[in-house]
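Asker: Fold the following.
(one chain, ligands or ions: 1)
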Amino acid sequence: MRALRIARLELEDAYEPATHDPFFRYLSWSQFTPEELALLPTVMSIGGDGATYDIGFGALSRLLATRTPVKVMVLNSGVYSNTGGQASTASLTGQDSDLARFGVAHSGKQEDRKELGLIASFHPNVFVVQSSTALQGHFLKHVMEFLTYSDSPAVLDVYTPCQAEHGIADAQASRHGRLAVESRMSPVFVHDPRRGSNIHSWFNLEGNPDADKDWAMGSLEYVDADGAAKLLEYPLTPADFAADESRFKKHFKTLKAGAEALPVHEFIDLPAAAREGKTAFVWSTDDSKHLIRRSVSATIIRLVEERRKYWRTLQYLAGKDVVKLDADHAAELQALQAQYADAVKQRDGAIDSIARGMSQLAASSKAPAGGGGFTASLLPAASAAAPAPAAATNGSAALVSIDPDDQAKCTNCKTCYQDLSEIFEKTRIVVDGAAKEVGRIIPGVLDHITATPELKARIAKVAANCDSEIIR
Ligand code: SF4
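Answerer: Residues are numbered from 1 along each chain as shown. Below is the predicted model of the structure:
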């Protein structure tokens, strides 16, 4: 940078060694312009969760407290994959690890997971992305931001399936990477200190399905008693994710048909006393694809509660509770307006009948027609006092649509629900007797969304990139 600046001064014929050299002798990071910072080659450290969450944590924290634009990428498999499988502080509650296993009496890791992404976000000015390569749109978009952020250090924590240590098939890494996000086991988020002026605008949960709810919906393909392919829709929890991986295998047992049990998301809503004697379960299928239920251990219940608490913390940081309060307030206001309009209508009816009664009384007493102006002064005034409530409109009607007859043509290119997750979501439908993943518009979402020019432009882009051209 010193050479570049001197060259520029030389070209302008303005270089004065006696004046400029003392300044250049102490030129350092903090004086670089954004353009100069952007010219620097990327310096990136790549490590696993063992190296970053545990062994190098103190050094990492020291680095994050500087303004040095170093990139730190963490391949977070939640286990020391390289050295035989010890648990790290990024491992999940209940997880079994190769080098920390003591037979059936041991119920896996007992501590809760450390959240490096959150800790990094609370260092000054650090850009943080937590993502998964299974969400290609989210991953690519934010990796570019991570690589070009030059104000301070940047951290990229990537959910990284480890087939051997997680106990999943080689071809399942992408499916499990996506399920980790959808089940809230490892949500995606971005912390960008350049966005807005308060913490709620720095955190962004875009990319997580149903980000304003505790759980997103999942679907399970099964075969009913008549041999027909069916889909069961249910709230996806971390227990549903864990049930599919060998590292949590000891926590699940097949329940007998007819055994009394309740879904895990309902179970954790019960107070401790009401849980006594009850069993929580997750849905699954047997080898012939028939529906079965699998009981869930107390450790997995703890895991689900701990993951929900973490997810709610992220929702709070991203201002989701503020958005919800605003929506609740708008709904309350609408209900009050309807109540007011109803009361005014009833009052008009009452005044009409009083006025009619008074007119009849006046006629029967032979009073002069229209005398006293009594009815005349009441009726119009009452009518004027009854303004019709303004119809709420946010201009989003017919903003975007998919013809239900076209839904089956979707090729599941993922563009819509990955690039515009506020409007689109992934679901499964049965087509010709087999389950198929498709993109769709989140039911009811258009009733609450405001059609800003920015949103319209994003919809147009998604529609243009829709592989099956069914988005209108
Ligand atoms: S963009 Fe079109 S083809 Fe791709 S998932 Fe969405 S609806 Fe399906």
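
Asker: Could you pull out the strands in this structure for me?
Answerer: Along the chain, counting by DSSP state E, strands occupy 44-48, 71-76, 127-132, 154-159, 189-191, 203-204, 217-223, 229-235, 252-254, 262-263, 280-285, 291-296, 424-431, 434-441.

Asker: Among those, which comes closest to the ligand?
Answerer: Smallest distance to the ligand across the strands of the chain (Cβ to the nearest ligand atom): 2.8 Å, for strand 434-441. In this view, the C-beta of every residue, glycine as well, is placed from N, C-alpha and C.

Asker: roughly how far is the closest one from the heart of the chain?
Answerer: 20 Å (Cα atoms, centre = their mean, to the nearest Å).

Asker: Same question for stretch 79-95.
Answerer: On Cα atoms, centre = their mean, the centre of stretch 79-95 falls 26 Å from the chain's centre.

Asker: What of stretch 216-228?
Answerer: On Cα atoms, centre = their mean, the centre of stretch 216-228 falls 26 Å from that of its chain.

Asker: Also stretch 214-231?
Answerer: 24 Å.

Asker: list the buried ones in that stretch?
Answerer: Neighbour-count burial for stretch 214-231 flags 215, 216, 218, 219, 220, 222 (criterion: 16 or more other Cβ atoms under 10 Å).

Asker: Name the residues that touch it?
Answerer: By Cβ atoms under 8 Å, 6 or more residues apart in numbering, the list of residues contacting stretch 214-231 from outside reads 182-184, 208-210, 232-237, 240, 265, 283-285, 288-291, 308, 311-312, 425, 427-430, 433-435.

Asker: Now list the buried members of these.
Answerer: For the contacts of stretch 214-231, buried by 16+ other Cβ under 10 Å: 182-184, 208-210, 234-237, 240, 265, 283-284, 291, 308, 311, 425, 427-428.

Asker: returning to what we had before: from the buried residues of stretch 214-231, pick the one nearest residue 271.
Answerer: residue 215 (19.5 Å; Cβ to Cβ).

Asker: Relative to residue 187, how far out is the closest one?
Answerer: Noted for residue 215: a distance of 12 Å to residue 187, by Cβ to Cβ, to the nearest Å.

Asker: Ok, residue 456 next?
Answerer: 28 Å.

Asker: More neighbours: those two, which one.
Answerer: Using other Cβ atoms under 10 Å as the criterion, residue 456 and residue 187 rank with residue 187 on top: 23 against 14.

Asker: any idea of the pLDDT on that one?
Answerer: For residue 187, the model assigns a pLDDT of 98.

Asker: what sits against it?
Answerer: Contacts of residue 187 (Cβ under 8 Å, 6+ apart): 130, 181, 205, 208, 310, 311, 314.

Asker: what's around the residue in the stretch 101-250 of the chain that the ligand sits nearest to, how many residues?
Answerer: For the stretch 101-250 of the chain and the ligand, the shortest gap (Cβ to the nearest ligand atom) falls at residue 137, measuring 10.7 Å. Counted with other Cβ under 10 Å, residues neighbouring residue 137 total 17.

Asker: Surely it is in contact with residue 414?
Answerer: Yes: with contact defined as Cβ atoms under 8 Å, residue 137 reaches residue 414; the gap is 6.9 Å.

Asker: ok, now which ones touch the residue nearest to residue 125 when sequence neighbours are not counted?
Answerer: Nearest non-adjacent residue to residue 125, counting by Cβ to Cβ, 6 or more residues apart in numbering: residue 152, 4.0 Å away. By Cβ under 8 Å, 6+ apart, the contact list for residue 152 reads 64, 66, 67, 68, 69, 124, 125, 126, 127, 193.

Asker: Going through these, which ones are buried?
Answerer: For the contacts of residue 152, buried by 16+ other Cβ under 10 Å: 64, 66, 69, 126, 127, 193.

Asker: So which of those residues belong to helices?
Answerer: residue 64 (DSSP state H).

Asker: From residue 311, how far out is the residue nearest to residue 125?
Answerer: 27 Å.

Asker: before we move on, what about residue 159?
Answerer: 14 Å.

Asker: Kindly report the same for residue 445.
Answerer: Taking Cβ to Cβ, one finds residue 445 at 20 Å from residue 311.

Asker: and if you look at residue 407?
Answerer: Distance from residue 407 to residue 311, by Cβ to Cβ: 30 Å.

Asker: just residue 447 next, same as before
Answerer: Taking Cβ to Cβ, one finds residue 447 at 25 Å from residue 311.

Asker: do residue 90 as well
Answerer: 17 Å.

Asker: same question, residue 170
Answerer: For residue 170, the distance to residue 311 - Cβ to Cβ - is 29 Å.

Asker: Tell me how far the longest helix along the chain lies from the chain's centre.
Answerer: Under DSSP H, the helix in the chain containing the largest number of residues is helix 320-364. What separates the centre of helix 320-364 from the centre of its chain is 40 Å, taken as Cα atoms, centre = their mean.

Asker: Show me what it is packed against.
Answerer: When contacts are defined as 3 or more Cβ pairs under 8 Å, 6 or more residues apart in numbering; DSSP states H and E, helix 320-364 packs onto helix 374-384.

Asker: Lowest-scoring secondary structure element of the protein by mean pLDDT?
Answerer: helix 374-384 (a mean of 39; mean pLDDT, DSSP states H and E).

Asker: how many neighbours does residue 10 have?
Answerer: If we define neighbours as other Cβ under 10 Å, then residue 10 has 10 of them.

Asker: okay, and for the protein, where does confidence drop off?
Answerer: 99-103, 322-330, 332, 362-397 (pLDDT under 70).
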